[in-house]
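Q: Need a 3D model of the sequence below.
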Amino acid sequence: MAMRKIALMHRLFGVCEGRTCRECSNFVKGKYHDRTLCKCRVYGMTHSEASDWAGRWLACGAFNRTIDRGPVIRDVVPDRQRKEADNSPLDGQMMMEV
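A: Residues are numbered from 1 along each chain as shown. Predicted structure coming up:
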């Protein structure tokens, strides 16, 4: 099962008790066509729904800080790609070389 976006941020940066993402300077809210989109600069700003953010979430340790690293979303590997990359044999499975 994939880790939720905010859970990953909490794992990487810790938790900022008593604050929500909406209060953070890294929280960006804007209009695109007829929709209001919310994003986190630290997690990553993409045109995909995969980077949509909720202002009600408990803030992470990057609260109101400038983070000198690439977007976190680039480090995320979807479960299906992770399974494809793992070509190790199963228990009892034979390996044949060609």
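Q: Give me the pLDDT for G44.
A: You'll see G44 listed with a pLDDT of 93.
Q: From what I see, it and I73 are in contact.
A: Yes - at 3.4 Å, G44 and I73 qualify as touching, with contact defined as C-beta atoms under 8 Å. No exception for glycine: its C-beta is placed from N, CA and C like everyone else's.
Q: Mind listing the shared neighbours of these two?
A: Where contact means C-beta atoms under 8 Å, 6 or more residues apart in numbering, the residues bridging G44 and I73 through contact with each are S51.
Q: Secondary structure element for the closest residue to F63 other than its chain neighbours, which one?
A: Computed as C-beta to C-beta, 6 or more residues apart in numbering, the closest residue to F63 that is not its neighbour in sequence is C16, at 4.0 Å. When elements are assigned from DSSP states H and E, C16 belongs to strand 15-20.
Q: buried ones in that strand?
A: C16 (16 or more other C-beta atoms under 10 Å).
Q: quick one: average pLDDT of the following helix or strand past that strand?
A: Read in the C-terminal direction, the helix or strand following strand 15-20 is strand 27-32, with elements assigned using DSSP H and E. On average, the pLDDT along strand 27-32 is 92.
Q: cool, stretch 58-70 as well?
A: For stretch 58-70, the mean pLDDT works out to 94.
Q: can you give me the end-to-end distance of that stretch?
A: Distance between the boundary residues of stretch 58-70 (C-alpha to C-alpha, to the nearest Å) amounts to 22 Å.
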